[in-house]
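> quick one: sequence and predicted model below, then my questions.
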Amino acid sequence: MKKLLASTCLLAGLAGGASLSHAAECGDVVLAVHNVQSAEALTFVDKFILENGYGCNVETVPGDTVPTTTSMVEKSQPDVSSETWVDLLPEIVPRGVEEGKIVFGAPALPDGGIQGWWIPKYLADAHPDIKTVEDALAHPDLFPDQEDSSKGVIFNGAEGWGATVVTTQLFKAYKAADKGFTLMNPGSAAGLDGAIAKAYERKQGFITYYWAPTALLGKYEMVRLKQNGAPDAVEWKRCITNLACPDPKVADWPVDKVMTVVTKKFADRTSPDVMAYFGKRGWSNDTVGKLMAWETENQATGEDGAKHFLQENETIWSQWVPADVAEKIKAAL
(Lines give C-alpha, C1' and ligand atoms only; values in the text may rest on other atoms or scores of the structure.)
Protein backbone atom coordinates (compact mmCIF):
# COMPACT_ATOMS: atom_id res chain seq x y z
CA MET A 1 0.00 0.00 0.00
CA LYS A 2 2.88 2.37 0.79
CA LYS A 3 4.34 1.70 -2.66
CA LEU A 4 0.94 2.28 -4.25
CA LEU A 5 0.41 5.58 -2.46
CA ALA A 6 3.94 6.69 -3.29
CA SER A 7 3.42 5.96 -6.96
CA THR A 8 0.05 7.67 -7.06
CA CYS A 9 1.46 10.75 -5.34
CA LEU A 10 4.18 10.86 -8.01
CA LEU A 11 1.54 10.68 -10.73
CA ALA A 12 -0.36 13.52 -9.06
CA GLY A 13 2.75 15.67 -9.12
CA LEU A 14 3.43 14.94 -12.79
CA ALA A 15 -0.16 15.80 -13.67
CA GLY A 16 0.35 19.33 -12.35
CA GLY A 17 -2.42 20.91 -10.32
CA ALA A 18 -4.05 17.54 -9.66
CA SER A 19 -5.87 18.96 -6.64
CA LEU A 20 -7.91 21.11 -9.00
CA SER A 21 -9.00 18.23 -11.24
CA HIS A 22 -10.64 15.74 -8.90
CA ALA A 23 -13.79 15.52 -11.02
CA ALA A 24 -11.94 14.68 -14.21
CA GLU A 25 -9.82 11.97 -12.62
CA CYS A 26 -12.09 10.05 -10.25
CA GLY A 27 -14.47 8.34 -12.66
CA ASP A 28 -17.00 5.66 -11.72
CA VAL A 29 -16.95 4.01 -8.29
CA VAL A 30 -18.99 1.05 -7.07
CA LEU A 31 -19.25 0.82 -3.26
CA ALA A 32 -20.52 -2.25 -1.42
CA VAL A 33 -23.14 -1.51 1.26
CA HIS A 34 -22.78 -4.24 3.86
CA ASN A 35 -25.72 -5.31 6.00
CA VAL A 36 -23.97 -4.03 9.15
CA GLN A 37 -24.92 -0.68 10.68
CA SER A 38 -21.39 0.67 11.07
CA ALA A 39 -20.34 -0.43 7.58
CA GLU A 40 -23.49 1.00 6.01
CA ALA A 41 -22.92 4.40 7.58
CA LEU A 42 -19.26 4.51 6.56
CA THR A 43 -20.11 3.56 2.99
CA PHE A 44 -22.54 6.46 2.72
CA VAL A 45 -19.96 8.80 4.25
CA ASP A 46 -17.61 7.68 1.47
CA LYS A 47 -20.35 8.14 -1.13
CA PHE A 48 -21.07 11.72 -0.04
CA ILE A 49 -17.41 12.69 0.11
CA LEU A 50 -16.51 11.05 -3.20
CA GLU A 51 -19.47 12.59 -5.04
CA ASN A 52 -19.30 16.07 -3.58
CA GLY A 53 -15.60 16.40 -2.82
CA TYR A 54 -14.01 14.52 -5.71
CA GLY A 55 -16.72 14.54 -8.39
CA CYS A 56 -16.96 10.75 -8.59
CA ASN A 57 -19.91 8.95 -10.15
CA VAL A 58 -20.85 6.63 -7.27
CA GLU A 59 -23.05 3.54 -7.40
CA THR A 60 -23.86 1.41 -4.36
CA VAL A 61 -24.62 -2.32 -4.41
CA PRO A 62 -25.72 -4.65 -1.58
CA GLY A 63 -22.92 -6.67 -0.01
CA ASP A 64 -21.61 -8.64 2.93
CA THR A 65 -18.14 -9.51 4.15
CA VAL A 66 -17.60 -12.95 2.62
CA PRO A 67 -19.37 -12.66 -0.76
CA THR A 68 -18.20 -9.09 -1.40
CA THR A 69 -14.54 -9.76 -0.64
CA THR A 70 -14.59 -13.02 -2.61
CA SER A 71 -16.06 -11.17 -5.60
CA MET A 72 -13.42 -8.43 -5.31
CA VAL A 73 -10.65 -11.02 -5.39
CA GLU A 74 -12.10 -13.17 -8.16
CA LYS A 75 -13.95 -10.63 -10.34
CA SER A 76 -12.55 -7.21 -9.26
CA GLN A 77 -16.11 -6.17 -8.40
CA PRO A 78 -17.26 -4.06 -6.59
CA ASP A 79 -14.52 -1.44 -6.41
CA VAL A 80 -14.53 -0.70 -2.67
CA SER A 81 -15.60 -2.38 0.54
CA SER A 82 -15.50 0.45 3.07
CA GLU A 83 -15.51 -1.76 6.19
CA THR A 84 -14.11 -5.30 5.92
CA TRP A 85 -13.39 -7.56 8.90
CA VAL A 86 -10.40 -9.17 7.22
CA ASP A 87 -9.68 -11.69 9.99
CA LEU A 88 -12.96 -13.41 9.10
CA LEU A 89 -11.39 -14.28 5.73
CA PRO A 90 -8.02 -15.86 6.59
CA GLU A 91 -7.63 -17.49 3.17
CA ILE A 92 -9.38 -15.14 0.74
CA VAL A 93 -7.80 -11.82 1.82
CA PRO A 94 -4.12 -12.92 1.90
CA ARG A 95 -4.58 -14.64 -1.47
CA GLY A 96 -6.13 -11.50 -2.94
CA VAL A 97 -3.26 -9.34 -1.71
CA GLU A 98 -0.61 -11.80 -2.85
CA GLU A 99 -2.15 -12.11 -6.32
CA GLY A 100 -2.43 -8.33 -6.65
CA LYS A 101 -6.23 -8.33 -6.85
CA ILE A 102 -6.91 -6.14 -3.79
CA VAL A 103 -5.08 -3.53 -1.73
CA PHE A 104 -5.78 -2.07 1.69
CA GLY A 105 -6.69 1.49 2.45
CA ALA A 106 -6.47 2.79 6.00
CA PRO A 107 -8.09 0.85 8.86
CA ALA A 108 -11.81 1.63 8.80
CA LEU A 109 -11.72 1.17 12.57
CA PRO A 110 -8.25 2.03 13.89
CA ASP A 111 -9.31 0.62 17.29
CA GLY A 112 -10.15 -2.67 15.60
CA GLY A 113 -13.24 -4.77 16.17
CA ILE A 114 -13.34 -5.38 19.92
CA GLN A 115 -15.10 -8.22 21.73
CA GLY A 116 -15.07 -9.19 25.37
CA TRP A 117 -16.85 -9.00 28.72
CA TRP A 118 -18.10 -5.59 29.81
CA ILE A 119 -19.52 -3.98 32.93
CA PRO A 120 -21.54 -0.75 33.26
CA LYS A 121 -19.44 2.39 33.60
CA TYR A 122 -21.39 3.48 36.68
CA LEU A 123 -20.26 0.30 38.43
CA ALA A 124 -16.67 0.65 37.20
CA ASP A 125 -16.62 4.23 38.50
CA ALA A 126 -17.95 3.13 41.89
CA HIS A 127 -15.40 0.29 42.12
CA PRO A 128 -12.19 1.47 40.42
CA ASP A 129 -10.35 -1.59 41.73
CA ILE A 130 -12.32 -3.80 39.32
CA LYS A 131 -10.33 -3.77 36.11
CA THR A 132 -9.95 -7.42 35.12
CA VAL A 133 -12.24 -10.42 34.79
CA GLU A 134 -10.64 -11.96 37.88
CA ASP A 135 -11.32 -8.75 39.82
CA ALA A 136 -14.98 -8.91 38.88
CA LEU A 137 -15.34 -12.63 39.61
CA ALA A 138 -14.11 -11.99 43.15
CA HIS A 139 -17.30 -9.97 43.81
CA PRO A 140 -20.41 -11.92 42.74
CA ASP A 141 -22.46 -9.72 45.09
CA LEU A 142 -21.86 -6.72 42.81
CA PHE A 143 -23.39 -8.54 39.83
CA PRO A 144 -26.47 -10.24 41.31
CA ASP A 145 -28.47 -12.72 39.27
CA GLN A 146 -32.07 -11.48 39.35
CA GLU A 147 -33.24 -15.11 39.44
CA ASP A 148 -30.98 -15.99 42.39
CA SER A 149 -29.46 -13.02 44.20
CA SER A 150 -27.04 -15.30 46.06
CA LYS A 151 -25.11 -15.66 42.81
CA GLY A 152 -23.52 -13.30 40.32
CA VAL A 153 -24.53 -13.30 36.64
CA ILE A 154 -22.78 -13.11 33.29
CA PHE A 155 -24.94 -12.50 30.21
CA ASN A 156 -23.93 -14.77 27.33
CA GLY A 157 -24.40 -14.07 23.62
CA ALA A 158 -27.28 -15.28 21.47
CA GLU A 159 -27.82 -18.84 20.28
CA GLY A 160 -25.71 -19.59 17.23
CA TRP A 161 -23.07 -16.92 17.75
CA GLY A 162 -19.43 -17.98 17.78
CA ALA A 163 -18.93 -15.52 20.63
CA THR A 164 -21.46 -17.48 22.70
CA VAL A 165 -19.26 -20.56 22.46
CA VAL A 166 -16.24 -18.45 23.43
CA THR A 167 -17.99 -16.98 26.48
CA THR A 168 -19.10 -20.45 27.57
CA GLN A 169 -15.55 -21.77 27.30
CA LEU A 170 -14.05 -18.77 29.10
CA PHE A 171 -16.66 -19.21 31.84
CA LYS A 172 -15.21 -22.71 32.28
CA ALA A 173 -11.61 -21.50 32.06
CA TYR A 174 -12.15 -18.93 34.81
CA LYS A 175 -14.03 -21.51 36.93
CA ALA A 176 -16.69 -18.85 37.28
CA ALA A 177 -19.30 -21.30 38.58
CA ASP A 178 -17.02 -22.16 41.52
CA LYS A 179 -16.74 -18.44 42.23
CA GLY A 180 -20.50 -18.03 42.58
CA PHE A 181 -21.58 -17.07 39.06
CA THR A 182 -24.22 -18.30 36.66
CA LEU A 183 -24.15 -17.94 32.88
CA MET A 184 -27.41 -16.46 31.61
CA ASN A 185 -28.60 -17.55 28.16
CA PRO A 186 -30.62 -14.68 26.61
CA GLY A 187 -31.77 -16.83 23.70
CA SER A 188 -31.47 -14.15 21.03
CA ALA A 189 -29.73 -10.89 20.16
CA ALA A 190 -32.89 -9.01 21.14
CA GLY A 191 -32.97 -10.91 24.42
CA LEU A 192 -29.39 -9.93 25.20
CA ASP A 193 -29.96 -6.27 24.33
CA GLY A 194 -33.14 -6.29 26.40
CA ALA A 195 -31.39 -7.78 29.44
CA ILE A 196 -28.61 -5.20 29.21
CA ALA A 197 -31.02 -2.27 28.75
CA LYS A 198 -33.23 -3.39 31.65
CA ALA A 199 -30.31 -3.83 34.05
CA TYR A 200 -28.64 -0.60 32.93
CA GLU A 201 -31.78 1.50 33.29
CA ARG A 202 -32.18 0.13 36.82
CA LYS A 203 -28.50 0.78 37.59
CA GLN A 204 -27.94 -2.89 38.44
CA GLY A 205 -24.59 -4.62 38.29
CA PHE A 206 -23.93 -7.21 35.58
CA ILE A 207 -21.20 -8.65 33.39
CA THR A 208 -22.03 -9.21 29.74
CA TYR A 209 -20.53 -10.35 26.49
CA TYR A 210 -20.65 -7.63 23.84
CA TRP A 211 -18.65 -6.09 21.04
CA ALA A 212 -17.74 -2.71 19.59
CA PRO A 213 -18.64 -0.75 17.64
CA THR A 214 -22.37 -1.13 18.28
CA ALA A 215 -25.34 1.15 18.82
CA LEU A 216 -25.92 -0.34 22.24
CA LEU A 217 -22.45 0.60 23.48
CA GLY A 218 -22.95 3.99 21.89
CA LYS A 219 -26.05 4.46 24.05
CA TYR A 220 -24.96 2.75 27.28
CA GLU A 221 -21.47 3.52 28.54
CA MET A 222 -19.66 0.30 29.36
CA VAL A 223 -16.12 -0.64 30.34
CA ARG A 224 -14.40 -3.69 28.92
CA LEU A 225 -12.84 -5.94 31.54
CA LYS A 226 -9.24 -6.84 30.83
CA GLN A 227 -8.64 -10.55 30.38
CA ASN A 228 -6.05 -12.12 32.64
CA GLY A 229 -4.39 -13.97 29.77
CA ALA A 230 -2.81 -12.69 26.56
CA PRO A 231 -4.19 -13.52 23.12
CA ASP A 232 -3.27 -17.12 22.23
CA ALA A 233 -4.19 -18.20 18.70
CA VAL A 234 -3.32 -21.84 19.35
CA GLU A 235 -5.47 -22.10 22.47
CA TRP A 236 -8.23 -20.13 20.79
CA LYS A 237 -8.40 -22.68 17.97
CA ARG A 238 -7.77 -25.74 20.17
CA CYS A 239 -10.35 -25.16 22.84
CA ILE A 240 -11.89 -21.73 23.33
CA THR A 241 -13.86 -21.89 20.09
CA ASN A 242 -14.66 -25.59 20.58
CA LEU A 243 -17.64 -26.20 22.88
CA ALA A 244 -16.76 -29.87 23.31
CA CYS A 245 -13.28 -29.10 24.65
CA PRO A 246 -13.26 -29.83 28.41
CA ASP A 247 -10.16 -27.93 29.53
CA PRO A 248 -10.03 -24.37 28.12
CA LYS A 249 -7.27 -22.06 29.31
CA VAL A 250 -7.74 -18.33 29.85
CA ALA A 251 -6.80 -16.24 26.81
CA ASP A 252 -7.79 -12.76 25.68
CA TRP A 253 -10.12 -12.05 22.78
CA PRO A 254 -8.18 -11.18 19.63
CA VAL A 255 -8.74 -7.69 18.23
CA ASP A 256 -10.14 -8.01 14.71
CA LYS A 257 -8.52 -5.96 11.96
CA VAL A 258 -11.17 -3.89 10.18
CA MET A 259 -9.87 -2.44 6.92
CA THR A 260 -11.00 -0.58 3.84
CA VAL A 261 -10.41 -2.92 0.89
CA VAL A 262 -10.04 -1.65 -2.68
CA THR A 263 -9.59 -3.64 -5.88
CA LYS A 264 -6.20 -3.13 -7.50
CA LYS A 265 -7.96 -2.46 -10.80
CA PHE A 266 -9.83 0.48 -9.28
CA ALA A 267 -6.75 1.74 -7.43
CA ASP A 268 -4.85 1.85 -10.73
CA ARG A 269 -7.53 3.70 -12.71
CA THR A 270 -8.87 6.24 -10.22
CA SER A 271 -7.52 9.59 -9.08
CA PRO A 272 -4.44 9.51 -6.82
CA ASP A 273 -6.36 11.92 -4.59
CA VAL A 274 -9.15 9.38 -4.12
CA MET A 275 -6.64 6.72 -3.09
CA ALA A 276 -5.03 9.23 -0.73
CA TYR A 277 -8.47 9.72 0.85
CA PHE A 278 -8.94 5.98 1.34
CA GLY A 279 -5.43 5.88 2.78
CA LYS A 280 -6.40 8.30 5.58
CA ARG A 281 -10.09 7.79 6.31
CA GLY A 282 -11.16 5.95 9.48
CA TRP A 283 -13.11 6.58 12.66
CA SER A 284 -13.03 5.38 16.26
CA ASN A 285 -15.38 2.86 17.85
CA ASP A 286 -16.63 5.60 20.15
CA THR A 287 -17.47 7.88 17.22
CA VAL A 288 -19.31 5.27 15.18
CA GLY A 289 -20.99 3.79 18.28
CA LYS A 290 -22.55 7.15 19.12
CA LEU A 291 -23.60 7.58 15.50
CA MET A 292 -25.28 4.16 15.47
CA ALA A 293 -27.06 5.01 18.71
CA TRP A 294 -28.35 8.20 17.06
CA GLU A 295 -29.53 6.21 14.04
CA THR A 296 -31.33 3.69 16.25
CA GLU A 297 -33.03 6.33 18.39
CA ASN A 298 -34.14 8.27 15.31
CA GLN A 299 -34.98 5.23 13.15
CA ALA A 300 -32.54 6.67 10.64
CA THR A 301 -30.92 4.98 7.66
CA GLY A 302 -27.19 4.68 7.05
CA GLU A 303 -27.47 7.50 4.53
CA ASP A 304 -29.17 9.69 7.15
CA GLY A 305 -26.46 8.76 9.62
CA ALA A 306 -23.71 9.66 7.19
CA LYS A 307 -25.10 13.16 6.67
CA HIS A 308 -25.60 13.60 10.42
CA PHE A 309 -21.99 12.59 11.02
CA LEU A 310 -20.68 14.97 8.37
CA GLN A 311 -22.76 17.85 9.72
CA GLU A 312 -21.74 17.30 13.34
CA ASN A 313 -18.11 16.14 13.06
CA GLU A 314 -16.22 18.43 10.71
CA THR A 315 -13.16 18.29 12.96
CA ILE A 316 -12.91 14.55 12.28
CA TRP A 317 -13.64 14.22 8.55
CA SER A 318 -11.83 17.42 7.52
CA GLN A 319 -8.58 15.66 8.48
CA TRP A 320 -9.20 13.07 5.77
CA VAL A 321 -9.26 15.48 2.82
CA PRO A 322 -7.40 18.55 1.47
CA ALA A 323 -8.81 21.98 2.31
CA ASP A 324 -10.33 22.57 -1.13
CA VAL A 325 -12.19 19.27 -0.98
CA ALA A 326 -13.41 20.03 2.54
CA GLU A 327 -14.91 23.31 1.27
CA LYS A 328 -16.84 21.45 -1.46
CA ILE A 329 -18.20 19.01 1.10
CA LYS A 330 -19.26 21.79 3.45
CA ALA A 331 -21.01 23.58 0.60
CA ALA A 332 -22.89 20.39 -0.32
CA LEU A 333 -23.99 19.93 3.29
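Ah, there it is.
> how is this protein divided into domains?
2-111+258-332, 114-240 (automatic domain parsing).
> so which of those domains is nearest residue 246?
domain 114-240 (8.0 Å; C-beta to C-beta). All C-beta spots, glycine's among them, are computed from the backbone N, C-alpha and C.
> what mean pLDDT does the closest one have?
Averaged over domain 114-240, pLDDT sits at 96.
> from the chain's centroid, how far away is it?
Distance, stretch centre to chain centre, for domain 114-240: 19 Å (C-alpha atoms, centre = their mean, to the nearest Å).
> quick one on the thing from earlier: format the domains of the chain as a markdown table; extra columns: mean neighbour count and distance to residue 250.
Formatted as a markdown table, the domains of the chain follow (neighbours: other C-beta atoms under 10 Å; distance: least, C-beta to C-beta, whole Å):
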| stretch | mean neighbour count | distance to residue 250 |
| --- | --- | --- |
| domain 2-111+258-332 | 18 | 21 |
| domain 114-240 | 18 | 4 |
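> could you export those as TSV, including distance to residue 249?
Output for those, formatted as TSV (distance: least, C-beta to C-beta, whole Å):
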stretch	distance to residue 249
domain 2-111+258-332	21
domain 114-240	5
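> show me the one of those that comes nearest residue 247.
Of those, the one closest to residue 247 (C-beta to C-beta) turns out to be domain 114-240, at 6.7 Å.
> tell me where the stretch 151-300 of the chain has strands.
181-184, 207-212, 222-224, 258-263 (DSSP state E, counting those that start in this stretch).
> element containing residue 49, please.
Using DSSP states H and E, residue 49 maps to helix 37-54.
> before we move on, back to that, quick one: closest of the strands of the stretch 151-300 of the chain to residue 142.
Residue 142 sits nearest to strand 207-212 of all the strands of the stretch 151-300 of the chain, at 9.3 Å, using C-beta to C-beta.
> what angle do the closest one and helix 37-54 make?
Counting by axes from the mean of the first three to the mean of the last three C-alpha atoms, to 10 degrees, strand 207-212 lies at 20 degrees to helix 37-54.
> distance to residue 67 for the strands of the stretch 151-300 of the chain - can I get that in TSV?
Output for the strands of the stretch 151-300 of the chain, formatted as TSV (distance: least, C-beta to C-beta, whole Å):
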stretch	distance to residue 67
strand 181-184	34
strand 207-212	22
strand 222-224	31
strand 258-263	13
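> for residue 75, find the nearest of these.
strand 258-263 (9.0 Å).
> list the contacts of the residue nearest in space to the middle of the chain.
For the chain, residue 113 is the residue whose C-alpha lies nearest the centre (C-alpha atoms, centre = their mean; 4.4 Å). For residue 113, the contact set (C-beta atoms under 8 Å, 6 or more residues apart in numbering) comprises 85, 211, 212, 213, 255, 256, 257, 258.
> do you know how far the residue lying closest to residue 223 once chain neighbours are set aside is from residue 98?
Excluding the flanking residues, the one nearest residue 223 by C-beta to C-beta, 6 or more residues apart in numbering is residue 124, at 4.1 Å. As judged by C-beta to C-beta, to the nearest Å, residue 124 and residue 98 stand 43 Å apart.
> check residue 66 too.
19 Å.
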